[in-house]
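> pasting the sequence and the predicted coordinates here, then a few questions.
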Amino acid sequence: MIRTYAIGDIHGQIDLLRAAHARIEADRARTGDAEAPIVHVGDLVDRGPDSRGVVELLLKGQLAGKPWIVLKGNHDRMFTYYLEGRRDPVLRADLEYLNPRIGGAETLLSYGASSDATPIEAAAAVPAGHRVFLQDLPSHHLRGEVLFVHAGIAPGVPLEDQTENTMAWIRAPFLEFTGPHPWLVVHGHTHRPEAEHCGNRVNIDSSAAYGGPLTAVVIEGRDVWVLGPDGRIPLKPQAD
């Protein structure tokens, strides 16, 4: 039996992230498992109040040897592209990083830059270690029967042929696919009121960016539980 923990889209909500880690630590205490990794499925930044704090917490945790895996979300990509003076090639043509719908201004403010800082001004405010950390985040993590990814995968495409663009941004082709994947796919990116199990995939983006909770789950084999204040709550596949 392979056990893995996972946390959904954080979006600068550092207090929710600390609380999610605390629920995982409580489950670790119950199981005696100090080694199972925690996979954070990306979107560390934007919209919430403390993107810098989130990045710092996760970076320091990894440097301290915690079993934390952090994936790259589309918002993490957009942020690093902006610091380089570029736009994410997948971002809609009618949007840009500082558009209120994206939430980039809140990220810049968390780093002490102005909400309309130019890329040069913003880059000067972001520590080099943060930039390298975000740029080097992996696009996916495969563990046992479970594939962790930010947005999803192109159905029917071998894992080695999946692209970062797809895994950070895909929606409809993945969300509408009801057939089996080679793995149970655990993802975020498409916000819902709560975590949902769709049989072939599990969406753990529970709208923390919009005032919702930050979901933490534990997965054993292909069985999934949401971690609540009082322990595990089974997350079962939805009925058709």
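Ah, there it is. Numbering: from 1, shown residues only.
> how near is the one residue sitting closest to the centre of the chain to residue 10?
With distances taken as C-alpha atoms, centre = their mean, the residue of the chain nearest its centroid is residue 42 (2.2 Å). With distances taken as C-beta to C-beta, to the nearest Å, residue 42 is found 8 Å from residue 10. In this view, the C-beta of every residue, glycine as well, is placed from N, C-alpha and C.
> strands of this protein, residue ranges please.
Secondary structure of the chain (DSSP state E): strands at 3-7, 38-40, 68-70, 140-143, 146-149, 184-187, 196-197, 201-203, 216-220, 223-228, 231-234.
> helices or strands up against the fourth one?
Just to be clear, that refers to strand 140-143. Packing contacts for strand 140-143, counted by 3 or more C-beta pairs under 8 Å, 6 or more residues apart in numbering; DSSP states H and E, involve strand 146-149.
> mean confidence for the top helix by length along the chain?
Ranked by residue count and defined by DSSP state H, the top helix of the chain is helix 14-31. For helix 14-31, mean pLDDT is 98.
> tell me which residues in it are buried?
By neighbour count on 16 or more other C-beta atoms under 10 Å, the buried set for helix 14-31 is 14, 16, 17, 20, 21, 23, 24, 27, 28.
> distance from the chain centre to it, please.
Computed by C-alpha atoms, centre = their mean, to the nearest Å, the chain-centroid distance of helix 14-31 equals 16 Å.
> residues in contact with it?
3, 5, 7, 10, 34, 36, 38, 48-50, 53-54, 57, 208, 213-216, 218, 227-229, 231-232 (C-beta atoms under 8 Å, 6 or more residues apart in numbering).
> switch to 7 Å and redo it
Under the criterion C-beta atoms under 7 Å, 6 or more residues apart in numbering, residues 5, 7, 10, 34, 38, 50, 53-54, 57, 208, 214, 216, 218, 227, 232 lie in contact with helix 14-31.
> tell me the pLDDT at residue 1?
What the model reports as pLDDT for residue 1 is 87.
> so it is in contact with residue 221, correct?
Yes: if you go by C-beta atoms under 7 Å, residue 1 and residue 221 touch, sitting 5.8 Å apart.
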